[in-house]
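A.B. asks: Could you work out the structure for the sequence below:
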Amino acid sequence: MTGKSGRAGLANVPADYRLTTTANSPARKEQAQAYRLIDAYVKTFERQFDDKAEQGGKDTHNRIKSLYLFSESPGTGKTTTASAVLNEWIVTHYVGSVKRGRQPLQLPAYFLDVNEWQTLFLGFNRGNIPQDIAEQYSRPYYTSMEKAKHAPFAVIDDIGVRGATDAFRGDLHTIINYRTANGLPTVYTSNLPIEDMAQVFDARLYDRMRDMCVPIEFEGGSKRGMRK
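C.D. replies: Below you'll find the predicted structure:
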């Protein structure tokens, strides 16, 4: 009920958004046009139970697409919305599994905050850091990487990383490449248009993302601190 444990907790959704749905999302009113597309997208989540449209399989007719939520300004509701969509996936997966007599997955979805993940990376890549301290950062870093790669559904929040090392950017590339290559639905958020991913990563990965993603632009300036 609190969203602090169970599947909601394991999904790593930010605490402020663990009870957010597309219906009660504070971004819904301000991003009404975007939410018309998002409502339609959430309705496709039932396809995860269609054996003929298994994610990553050869039959892609009913494959669940990915979303690319972007805006030039921060604070327009992208992360809020991505969290709400992920929560909708968890609910659809759990209820749909029970109805079909299946055991729901413990980790049907995962939220990767790229900025927090980069902080972990920096924590074990500083000079002269003791091994026991480095492991406190490296273990959760690689655990998050594996979860973000393999979860049936994922949010990768703020992928327009700036000031990142080639090694960190390479790890992020590995996650996104794995998910696109295996047809795993993903919601990306960014302050950059999707075309810029050709420079952030490379042209090949950009082409894969473009083929799988529906870009949705969030309009307006930052609303942080203004909502009641």
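
A.B. asks: Tell me the pLDDT of the residue of the chain positioned farthest from its centre.
C.D. replies: Computed with Cα atoms, centre = their mean, the residue of the chain farthest from its C-alpha average is residue 128, at 33.5 Å. pLDDT, residue 128: 82.

A.B. asks: got it, and residue 52?
C.D. replies: Looking at residue 52, its pLDDT reads 49.

A.B. asks: And what about residue 102, helix, strand or coil?
C.D. replies: coil (DSSP: H, G, I helix; E, B strand; the rest coil).

A.B. asks: So what's the residue count around it?
C.D. replies: By the measure other Cβ atoms under 10 Å, the count of residues near residue 102 is 11. (Each C-beta comes from the backbone N, C-alpha and C, glycine too.)

A.B. asks: Residue 142 now?
C.D. replies: 13.

A.B. asks: Now name the helix or strand holding it.
C.D. replies: Applying DSSP states H and E as the criterion places residue 142 in helix 131-150.

A.B. asks: Can you give the contact residues for that helix?
C.D. replies: The contact list for helix 131-150, computed with Cβ atoms under 8 Å, 6 or more residues apart in numbering, reads 12, 107, 110, 112, 117, 120-124, 154, 156, 171, 174-175, 178-179.

A.B. asks: May I have the residues that are in contact with residue 200?
C.D. replies: 159, 160, 161, 169, 192.

A.B. asks: go with 7 Å
C.D. replies: For residue 200, the contact set (Cβ atoms under 7 Å, 6 or more residues apart in numbering) comprises residue 160.

A.B. asks: Retrieve the pLDDT associated with it.
C.D. replies: 90.

A.B. asks: what do you get for residue 192?
C.D. replies: The model's pLDDT for residue 192 equals 94.

A.B. asks: Next one: it from residue 69, what distance?
C.D. replies: 11 Å (Cβ to Cβ, to the nearest Å).

A.B. asks: Give me the more crowded residue out of these two.
C.D. replies: residue 69 (27 against 18).

A.B. asks: What is the three-state secondary structure of the more buried one?
C.D. replies: Criterion first, three-state DSSP; result for residue 69: strand.

A.B. asks: just checking, it touches residue 215?
C.D. replies: No. At 8.2 Å, residue 69 does not count as touching residue 215 under the criterion of Cβ atoms under 7 Å.

A.B. asks: Fine by me, thanks again.
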